[in-house]
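Enquirer: okay, here's the prediction I keep looking at, along with the sequence it came from:
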Amino acid sequence: METKFELDYDTFLALLRLHGETPERYLDDHFQRFKKTYNEFNSTWGGGNRVLDIGAHWLHQAVVWSRSGYNVTAVEFPEMFLNPSVSELGNAHRIHLHGCSDMGTARDLEGIPDDAADIILFSEILEHITFNPIPLWRPVHRILAPGGRIVITTPNYYSWKGRAWQPMRFLRGQGGGISVGEVVGIHTYAHHWREYSLGELREYFERLSPDFTITKAKLVPTYMRSRTRWKNLVQAGLDLVPLLRPNLHVEITLPDKKRGIVATARY
C-alpha cells in the first residue's frame with residue numbers, strides 16, 4: 001500500500017468525473033479530510049489491507065484508499081448504490097458495495113464474515129447517530145480482525161465554533177444542541193445530533209468493550225477552508241490552540257477478542 005496519498009484536488013475530481021456526476025461542493029469541503037486521515041493513519045500502520053468504510057456516501061474516501069492499494073468494502077444505504085455514477089465508480093475501483101438499510105439494527109452486516117476487516121473507517125458518522133449504538137458496534141467488533149483498528153474522525157465539541165460556545169442562545173431560552181428548526185427541517189443524517197470531546201470518545205469505547213484500546217487520539221486543525229481570506233487567517237490562528245481545533249482523529253485497536261461488547265442499554 002502507498003503510505004501517502006499525493007493526488008491534488010483537481011486530479012482527483014477529474015478521476016471521479018469519468019464515471020458521472022459527483023457532489024463537488026461536498027468534495028471541495030472534505031477532500032483534505034480524506035487525504036489527511038489516510039496519511040495520518042498510514043504514518044503508524046503496518047498491518048493488513050482489508051478496509052470496511054461505514055458510511056461511504058459517494059465513495060470519495062473509499063476511492064482514496066482503494067487507489068492506494070487497499071481492498072475496500074463500502075457500507076451505505078442501498079439507495080445510494082442505485083445511483084449509476086456511484087455504482088460505476090465502485091466497479092471501476094474494485095470497491096465492493098454492501099448495502100445496509102438500517103444502521104440502528106445493522107442486520108445487513110450479518111452477511112460480512114467474522115474477522116473480515118483489518119481497518120474500519122467511521123469518518124464523520126458518529127455525530128449523526130440518533131439511535132442506541134450497541135447493535136451497530138456488536139457486528140463491528142465481530143468483523144474487525146484481532147490486531148485491527150477502527151478509525152474515527154468527528155467534530156470536536158470544544159472547537160471555537162462548536163456548540164459549547166453558544167451562551168447567548170442558552171440565555172435566550174433556546175436550549176442547547178441542535179435547534180428545533182434543525183430537528184424538524186433537516187433530514188435525520190444531515191446534521192450533528194451529538195458532538196464529542198476527546199475525553200468523551202475515550203469513555204465511549206471503554207464503556208463499549210474492554211477489548212478496545214485507544215491507540216491514537218489527536219485534536220486536528222481544520223480540514224475545511226473558507227472562501228473568505230480573513231476567515232482562513234482567523235482559523236489558522238485558532239488552530240494553534242489544540243483545544244479549539246475543530247476535528248478529532250481517534251484510532252481504536254482491537255488487540256484480541258476476549259469480552260466482546262459488554263455495554264448494555266436499559267429503559
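Expert: Received the coordinates, thanks.

Enquirer: when you work out contacts or count neighbours from here on, use the C-alpha atoms and nothing else.
Expert: OK.

Enquirer: off-centre distance for the biggest strand by length in the chain?
Expert: Counting by DSSP state E, the longest strand found in the chain is strand 144-155. In terms of C-alpha atoms, centre = their mean, to the nearest Å, the centre of strand 144-155 is found 10 Å from the chain centre.

Enquirer: list the buried residues of that strand.
Expert: Buried residues in strand 144-155, counted by 16 or more other C-alpha atoms under 10 Å: 144, 145, 146, 148, 149, 150, 151, 152, 153, 154, 155.

Enquirer: residues in contact with the first one?
Expert: Residue 144 is in contact with 114, 115, 116, 117, 118, 119, 120, 254, counting by C-alpha atoms under 8 Å, 6 or more residues apart in numbering.

Enquirer: what segments of this structure are strands?
Expert: 50-54, 71-76, 96-99, 117-123, 144-155, 213-220, 247-254.

Enquirer: redo these as TSV? Include distance to residue 64 and mean pLDDT.
Expert: Output for the strands of the chain, formatted as TSV (distance: least, C-alpha to C-alpha, whole Å; pLDDT from 0 to 100):
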stretch	distance to residue 64	mean pLDDT
strand 50-54	11	98
strand 71-76	10	98
strand 96-99	14	98
strand 117-123	12	98
strand 144-155	15	97
strand 213-220	20	96
strand 247-254	17	97
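
Enquirer: tabulate these in a markdown table, adding columns for distance to residue 236.
Expert: Formatted as a markdown table, those follow (distance: least, C-alpha to C-alpha, whole Å):
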| stretch | distance to residue 236 |
| --- | --- |
| strand 50-54 | 30 |
| strand 71-76 | 33 |
| strand 96-99 | 38 |
| strand 117-123 | 23 |
| strand 144-155 | 17 |
| strand 213-220 | 12 |
| strand 247-254 | 14 |
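
Enquirer: quick one: the helices in the stretch 1-150 of the chain?
Expert: Applying DSSP state H, counting those that start in this stretch to the stretch 1-150 of the chain gives helices spanning 9-17, 24-42, 60-67, 78-81, 84-92, 134-143.

Enquirer: ok, the residue lying closest to residue 263 once chain neighbours are set aside to residue 34 distance?
Expert: Of all residues not flanking residue 263 in the chain, residue 208 sits nearest, at 4.9 Å (C-alpha to C-alpha, 6 or more residues apart in numbering). Separation of residue 208 from residue 34 (C-alpha to C-alpha, to the nearest Å): 27 Å.

Enquirer: just residue 180 next, same as before
Expert: From residue 180 to residue 34 the distance is 31 Å (C-alpha to C-alpha).

Enquirer: do the same with residue 217
Expert: Following C-alpha to C-alpha, the distance that separates residue 217 from residue 34 is 17 Å.

Enquirer: ok, residue 94 next?
Expert: From residue 94 to residue 34 the distance is 18 Å (C-alpha to C-alpha).

Enquirer: and those two? Which one has more around it.
Expert: Remark: of residue 94 and residue 34, residue 34 carries more neighbours, 19 against 16, as counted by other C-alpha atoms under 10 Å.

Enquirer: the spatially closest residue to residue 114 that is not a sequence neighbour: what's it in contact with?
Expert: Nearest non-adjacent residue to residue 114, counting by C-alpha to C-alpha, 6+ apart: residue 143, 4.6 Å away. Listed by C-alpha under 8 Å, 6+ apart, the contact set of residue 143 reads 112, 113, 114, 115, 116, 117.

Enquirer: just residue 40 next, same as before
Expert: Counting by C-alpha under 8 Å, 6+ apart, residue 40 touches no other residue.

Enquirer: pLDDT wise, what is it at?
Expert: Residue 40 carries a pLDDT value of 97.

Enquirer: now swap in residue 241 and tell me
Expert: Predicted confidence (pLDDT) for residue 241: 86.

Enquirer: again, but for the one 5 residues further on
Expert: Residue 246 is assigned 90 on the pLDDT scale.

Enquirer: for it, which non-adjacent residue is closest in space?
Expert: Spatial nearest neighbour of residue 246, chain neighbours left out: residue 159 (4.6 Å); criterion: C-alpha to C-alpha, 6+ apart.

Enquirer: pretty sure that neighbour sits against residue 241.
Expert: No: between residue 159 and residue 241 there is no contact under C-alpha atoms under 8 Å: 9.8 Å.
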